[in-house]
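Asks: 3D, please:
(8 chains)
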There are 8 protein chains.
Amino acid sequence: MIFERYDRIVFAGDSVTDMGSQQPVGEGLFENVGRSYVRVLENMFASYYPEVFLRITNAGISGNTSRDLLERFDQDVVSLNPDWVSICIGINDVWRQFDSPAILDSHVLPKEYESNLTKMIEKVKDNVKGIFILSPYMIEPLREDKMRARMDEYVEICRKLSNEYGCIFVDFQKMYEDYCQIRHSAYIAWDRIHPNQIGATLMAKEFLKYCDFDYHHEK
Amino acid sequence: MIFERYDRIVFAGDSVTDMGSQQPVGEGLFENVGRSYVRVLENMFASYYPEVFLRITNAGISGNTSRDLLERFDQDVVSLNPDWVSICIGINDVWRQFDSPAILDSHVLPKEYESNLTKMIEKVKDNVKGIFILSPYMIEPLREDKMRARMDEYVEICRKLSNEYGCIFVDFQKMYEDYCQIRHSAYIAWDRIHPNQIGATLMAKEFLKYCDFDYHHEK
Amino acid sequence: MIFERYDRIVFAGDSVTDMGSQQPVGEGLFENVGRSYVRVLENMFASYYPEVFLRITNAGISGNTSRDLLERFDQDVVSLNPDWVSICIGINDVWRQFDSPAILDSHVLPKEYESNLTKMIEKVKDNVKGIFILSPYMIEPLREDKMRARMDEYVEICRKLSNEYGCIFVDFQKMYEDYCQIRHSAYIAWDRIHPNQIGATLMAKEFLKYCDFDYHHEK
Amino acid sequence: MIFERYDRIVFAGDSVTDMGSQQPVGEGLFENVGRSYVRVLENMFASYYPEVFLRITNAGISGNTSRDLLERFDQDVVSLNPDWVSICIGINDVWRQFDSPAILDSHVLPKEYESNLTKMIEKVKDNVKGIFILSPYMIEPLREDKMRARMDEYVEICRKLSNEYGCIFVDFQKMYEDYCQIRHSAYIAWDRIHPNQIGATLMAKEFLKYCDFDYHHEK
Amino acid sequence: MIFERYDRIVFAGDSVTDMGSQQPVGEGLFENVGRSYVRVLENMFASYYPEVFLRITNAGISGNTSRDLLERFDQDVVSLNPDWVSICIGINDVWRQFDSPAILDSHVLPKEYESNLTKMIEKVKDNVKGIFILSPYMIEPLREDKMRARMDEYVEICRKLSNEYGCIFVDFQKMYEDYCQIRHSAYIAWDRIHPNQIGATLMAKEFLKYCDFDYHHEK
Amino acid sequence: MIFERYDRIVFAGDSVTDMGSQQPVGEGLFENVGRSYVRVLENMFASYYPEVFLRITNAGISGNTSRDLLERFDQDVVSLNPDWVSICIGINDVWRQFDSPAILDSHVLPKEYESNLTKMIEKVKDNVKGIFILSPYMIEPLREDKMRARMDEYVEICRKLSNEYGCIFVDFQKMYEDYCQIRHSAYIAWDRIHPNQIGATLMAKEFLKYCDFDYHHEK
Amino acid sequence: MIFERYDRIVFAGDSVTDMGSQQPVGEGLFENVGRSYVRVLENMFASYYPEVFLRITNAGISGNTSRDLLERFDQDVVSLNPDWVSICIGINDVWRQFDSPAILDSHVLPKEYESNLTKMIEKVKDNVKGIFILSPYMIEPLREDKMRARMDEYVEICRKLSNEYGCIFVDFQKMYEDYCQIRHSAYIAWDRIHPNQIGATLMAKEFLKYCDFDYHHEK
Amino acid sequence: MIFERYDRIVFAGDSVTDMGSQQPVGEGLFENVGRSYVRVLENMFASYYPEVFLRITNAGISGNTSRDLLERFDQDVVSLNPDWVSICIGINDVWRQFDSPAILDSHVLPKEYESNLTKMIEKVKDNVKGIFILSPYMIEPLREDKMRARMDEYVEICRKLSNEYGCIFVDFQKMYEDYCQIRHSAYIAWDRIHPNQIGATLMAKEFLKYCDFDYHHEK
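Replies: Got it, this is the predicted structure:
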């Protein structure tokens, strides 16, 4: 596995990352780390690699756009001295364009999104072992859907920046598209965004593919 | 307007009709009639036709399938001696097929749906001035969506039975499909089923088209 | 319709405007815009004119007199750069004179009321497309009622200032007086002030008369 | 004073009598007796006549019409073996005619009201020292108000039956009409029905006029 | 009656005065004035002298000793420009000596009590129409009770200062002692301090004796 | 110690015994046994005699008079097959005579009290190792207090019956009288009945005097 | 994988299985299935084998001993017609012996435990595809611990019966013992019984070993 | 007894000391002093030595390590001018090493612990009559348990410092080890740390051994 004993991984993001975690950052005992894919990951690491003590920190806050996350990135991510950083942002940048079409200043357009994400990457790239860029997504297999189509533009920005900066790119959009060939989005999330625990597990499973994670590992 | 002074209209249905109404039936003071299209209709009748005293009764219960509604139809609808009956059922018949695919006994298939709806119509058709069949719907313009496609089968059953029995057919599915050409479903309902107040108003507006409702009526 | 795509309308007022809206101003998702005539208006605009994206902002705060509203007018109205401003204030100016007769400093007398309202109009008149003055009211058809009689003085001030400044004057007092010829005030509001949803719809209906609103509009 | 040591007085009525009393009947410790004029009366009796131990029982239930009260009269009043009975009912009989005009079966018309009240009097008249009939009322000085005018018909029925049966008639309607010459109804009750503590005190004061109550009594 | 139209009376005190009033001072609508003797007084004034509009302000705060009240006296009493001031303090000064005997710094001894009360009187005596000194009390008829005996020392200080400064002295201790000849303290207050509504009425009745209050007054 | 391994002791009583215990009987885990002297006893037994496993059952119910306790005695005490029974009842029999003087049927007079207590003793005396009669009490050192005086009559009945039936008599009244020579009742219970934890400890200490309890016992 | 499309698996047990599931049985939407290893299993099945639609039913109830479970087994397990049954019971049988040593009738001793478990197996063995026996456990690596030692007796009964009846035996005790070589029990459960989400994942991981579950399965 | 009239004893510590006490320090009325051994001690002092008025102050805060306690020691302990100080700290210093192994900065290692404790002793040693050092503990008789073994190191530091500074050392670890020879830790604390009321009593009993406390003392 790519992570080493005592590595600290900070997961930045919005409600999809947050899901009830302690604000602004949560880790350790009780429900501090929330109920999102971040906790499923912590459960998997601790269960399959008990001898590798990883420090998992949830820095997600519900409702955040990339603009919001950038504003608190120094405080909530950089200052924690993470060994690895994971960023999953952009859903609200897009969503507001569709659920609040007349509130223009709540929309974060692709150009700003790219700028915001670039700044975040720049802030940490020299001080961490690796950066995960987790794509925003809509749990919708039909690309003709206008919001899905818009989301795809943001996914592509993630892919492009990941390539430029050598980040690890996790394509949640693609993962959900595949999953929806078998089960309908209603099985995971009635609003096509906030996953239930099955969705959280799917996202953790996808994340683990990029971690050299061995399910049959024996300490 | 087709309704006359002191007419009682009973709206049977599921959560889309219910939306917080008193259980099992609600009417009159306070929030008894809930917050769905039923209340918007009551507001419209009372505001534009104050001299026509209509009795609006909400008999919707969240989560009901046509199987559930049929079971309580005598008690919650027939026994109230309505002058008009409105039935809006079927969404949960379909939804469970997609969000609970392995719980087979929660699925109400088209054949049973047609049978259930027929029985309800039969129970009241000879004793009322008119029956409204409000189609189930998914606020989704893409017909390729599997759940939307399935829902369309149920909409067609509604249309067919309305024709056979001379019911007034209100096609919410068509209304929402048109609306989604302009605004995304996220503007109305994140889960594509439960409308916000704008959706409730859209549904009331559609219903009124079949009531010979005159916005410029003067008493 | 007089409103254009992306116009922002800010509704300033007291509890009649507020009715549960986010404090100090609310708009957009969830229940932020409250449950008053403001939400009914938003529902109507979005349902009958879906292609005209209006931004509806509720700046009502329960309990406000014109004195209170003036104090926060720069912050809660002017600074939002509205295209249109609607002001509905004065009920509490009058009410306190009757429910708290010995607390003299809670009474806002006609002279101060006129001054306060004038200042608000002056603050925005040069920067907006139009100003709506919505009259305060008491849902009471008998003009001999002392509080109704007092309220009428304030309504007249609204009418006079609307004329002077070219504001659109919406006479809620007249509307309710007419309505009470048919239904008793108890049908709308037990306290003759805070309307239920039917009253909110009546007020929205009245407002729309001054907006060149076409119920049969086709985009 | 007309009451004697250990007399039990049972006050039957609706929300105006109830006001938070224990259901279905309340007396004694804590807040069991509610916060209506009944408690003010108990306070007055205990403060001015401490040596006369009266048992005060509140049998009011919110929302009751005379029809509802008659139905529970045997259980909640007669079976308690009162020495004195006080009945204050009728407000909801009238109110529903104005706030729920289309729900005809919620209206208790004058003829039924008279019948209901007569039956109650008949049930206790031979077994008690005296019966108080407290008139229903609307805190509204203008008799042209349609609900006030209707209420007056019920007040007259109370007066008539009191005369026929030798009951003590307490005219709350007249008392409030007089009071409203000086203070507006908003000072007592925003809905013109449910009094605040000042109104409760006014009603107790009126009641005491018929009790040969001496404020300067010395034991 | 000694009070004139629009007089403002401010009641300063501890929990016996406070009883749920708005903090730090309460008056007017809703439950702002609390449930103590202050509200009973307001009810009596408004019911028996409706034409005299008195402004009743409750400045009691639970748990206050004379030390606490002195500290906030300028802010909560003097700055309100009262026409009349009523002070009821000292119970907690004594109580802590018995329920917290080892927490010496919570005890306010007689010397300090006299000094505190004197300072309060001095602060307002030249600017008001009159000052009421309401004695602290223990609802206990047996003077041998150690706390009662101690309380009596504080009552005497009140009496003495009232004489010196020409304040109106209301002796609650004497009133309760008399009442307890007939009913046990358990009828009024299980803790012999915090009265129920009967006790509040007794205290108001006692207060009114010093106000030239006429129960048979006709406006 | 008089108790043997696995002995079950059932404590019957009112609120003084109950204090939050599970209803109608509580024992074992969590807060089931309540917070009264019963729990202090359990704590003492388990701490000083850990090798003697006693089963402590709290059968107290708040508000019970001896009449109430007798009615449930078979169900809540006898049917549990206790090895020892403790009865502490009578406070409410007396209290109601003073706090509810006009509700005569809530008073349990000495004659009935003696009868009730006798019946309880008779029900268990042949099947238990011993019966504890814990006296009712008022935490009041002055015997002239009318309620204290009345309580003393009930204490004497307890003493008499204990003698007749060979029960172990624990005189809480005497214990509290002694304690009040040093500290005021306000230190233990503001209402002179419901003890705080110090009072609960005092009562447990008194109970232990009759158990041959050795604080210096070594297993 | 051993499970086939539409197989229903019912998990019977105590709080370790229950963890907030709907009572008495839960499945499907929302949090109905609780937060125990049962949900982790459902998440894993749905994520790694999306094409195999399994019906997962949680029949755990907190606090159950084998005696309690046997009593409701027909109703809550057999009548559901499961394809597979999983039983995890016995922890409370043991625990009560240590936390409630004097409440002898709450202890379920090994002999009764074996009998209870045998009866459950007998009830379903002829009608299901397979039975899982999940051992009770204490998250305690030191076998000298008295409760751990006692628990081991129950684990052995599970092993023995599994052998006799051909059930699939999952040894949670052994799994936790191994895990505790690396991490302390405090990391999983402060009470050494109720696992956090990491423990739930460990238990699911152990269960999956007996299901022919392929983490790299591709549909 | 070693304590004298009006002595103030301040108990500093973590959740074991705190248990619901007022924050940051609690004493006197109501539940201010919490439900830990501190309250049991107060109960014992007040019950067995009523004539010695001790002031018991609880300065425990849940979750504190010695690092946290040191930081607030001046404010919460020294500034209170105690006559005696009791310190019970260290459990969380150890616990975090086992329940949060990867959050290294939450671990307080022995060296820092000794330093922290030394600083606290130094701060008060010259101004108090005596210092109690109450050992941290784990309610676990098996010394092979890794957390117990670690805790023992901290206990030894306490013992060593107590010797050096002449503090009174109370060995809770030893006390619990002995107790667990007879009853299992599950009888006292499911998490082996937070005692129930029996554990609180055991700790108070142990503390009293060092106070020259005479259970048979007569004032």
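
Asks: dump the residue contacts of the residue positioned nearest the centre of chain A.
Replies: Closest to where the C-alpha atoms of chain A average out (C-alpha atoms, centre = their mean) is A:C88, at 2.8 Å. Taking C-beta atoms under 8 Å, 6 or more residues apart in numbering or on different chains, we find A:C88 in contact with A:F11, A:A12, A:G13, A:D14, A:V16, A:T17, A:G60, A:I133, A:L134, A:S135, A:P136, A:F172. (Glycine included, C-beta is placed from N, CA and C.)

Asks: just the strands in chain A please.
Replies: Assigned by DSSP state E, the strands in chain A fall at A:8-13, A:55-60, A:84-88, A:130-134, A:168-170.

Asks: got a markdown table for those, with mean pLDDT too?
Replies: Listed next are the strands of chain A as a markdown table, based on pLDDT from 0 to 100:
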| stretch | mean pLDDT |
| --- | --- |
| strand A:8-13 | 98 |
| strand A:55-60 | 98 |
| strand A:84-88 | 98 |
| strand A:130-134 | 98 |
| strand A:168-170 | 98 |
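
Asks: quick one: A:P50 and chain D, what's the gap?
Replies: A:P50 sits 58 Å away from chain D, going by C-beta to the nearest C-beta, to the nearest Å.

Asks: residues in contact with that residue?
Replies: Residues in contact with A:P50, defined by C-beta under 8 Å, 6+ apart, are A:K219, G:Y179, G:I182, G:R183.

Asks: who are the contact partners of the spatially closest residue to A:R72 that is not a sequence neighbour?
Replies: Once flanking residues are discounted, A:R72 sits nearest to A:P24: 6.8 Å by C-beta to C-beta, 6 or more residues apart in numbering or on different chains. Contact analysis of A:P24 by C-beta under 8 Å, 6+ apart lists A:A59, A:I61, A:R72, A:Q75, A:D76.

Asks: can you pull out the helices in chain A?
Replies: Secondary structure of chain A (DSSP state H): helices at A:15-18, A:37-48, A:66-76, A:91-99, A:110-124, A:146-165, A:172-179, A:197-208.

Asks: in CSV: those helices, plus mean pLDDT.
Replies: Converted to CSV, the helices of chain A look like this (pLDDT from 0 to 100):
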stretch, mean pLDDT
helix A:15-18, 97
helix A:37-48, 98
helix A:66-76, 98
helix A:91-99, 98
helix A:110-124, 98
helix A:146-165, 98
helix A:172-179, 98
helix A:197-208, 98
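
Asks: any idea how far A:D74 is from A:D7?
Replies: According to C-beta to C-beta, to the nearest Å, A:D74 and A:D7 sit 21 Å apart.

Asks: what's the answer for A:L69, then?
Replies: Distance of A:L69 to A:D7, computed by C-beta to C-beta: 22 Å.

Asks: who's more crowded, these two?
Replies: Taking neighbours as other C-beta atoms under 10 Å in any protein chain shown, A:L69 and A:D7 compare with A:L69 leading, 27 against 21.

Asks: ok, for that one, nearest residue in space, not its chain neighbours?
Replies: What sits nearest to A:L69 in space, not counting adjacent residues and going by C-beta to C-beta, 6+ apart, is A:I89, at 5.2 Å.

Asks: quick one, what contacts the one you found?
Replies: A:A12, A:G13, A:D14, A:N64, A:T65, A:S66, A:L69, A:N116, A:L117, A:P136.

Asks: is the first one in contact with A:A59, as I believe?
Replies: Going back to what we said before, that points to A:A12. Yes: contact criterion C-beta atoms under 8 Å: A:A12 and A:A59 qualify, at 4.7 Å.
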